[in-house]
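Peer 1: can you look at this prediction? I've put the sequence above it.
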Amino acid sequence: MEYQIGQAVYSKSGHDKGTLLLVVSVAGEYVLLADGKRRKLAKPKRKKIIHIQPTKYVDEDIAEKLTQNAYVLDADIVKALKKYQEKSVEK
């Protein structure tokens, strides 16, 4: 599966197993992930794509800002992940 910037994913391995994260950057077989709390945008987690579980949710606002190198706050990432969690609970 192809990963996109702004996509919500779950970690499948490591100390952050089960954590919901947002894709900040995609580079080959690696992605950079942040959650806005433990993993900030200033120091995102580098993880192999085989160690993450994708979701179908992509936050378009965050994706657009990240691709245009616009200013994104860690709070914006927290809000985007919270929005995904609320949508998944409704289903």
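Peer 2: Cool, got the structure. Numbering: from 1, shown residues only.
Peer 1: for residue 74, which non-adjacent residue is spatially closest?
Peer 2: Nearest non-adjacent residue to residue 74, counting by CB to CB, 6 or more residues apart in numbering: residue 36, 3.9 Å away. Placement of C-beta: from N, CA and C, glycine included.
Peer 1: look up how far residue 84 lies from the one you found.
Peer 2: From residue 36 over to residue 84 the distance is 12 Å, taken as CB to CB, to the nearest Å.
Peer 1: ok, now residue 63?
Peer 2: According to CB to CB, residue 63 and residue 84 sit 13 Å apart.
Peer 1: what of residue 31?
Peer 2: Residue 31 is 17 Å from residue 84, by CB to CB.
Peer 1: who has more neighbours, the two?
Peer 2: Shown here are residue 31 and residue 84; by other CB atoms under 10 Å, residue 31 has more neighbours (26 against 19).
Peer 1: correct me if wrong, but the more buried one is in a helix.
Peer 2: No: with DSSP: H, G, I helix; E, B strand; the rest coil as the criterion, residue 31 is assigned strand and is not in a helix.
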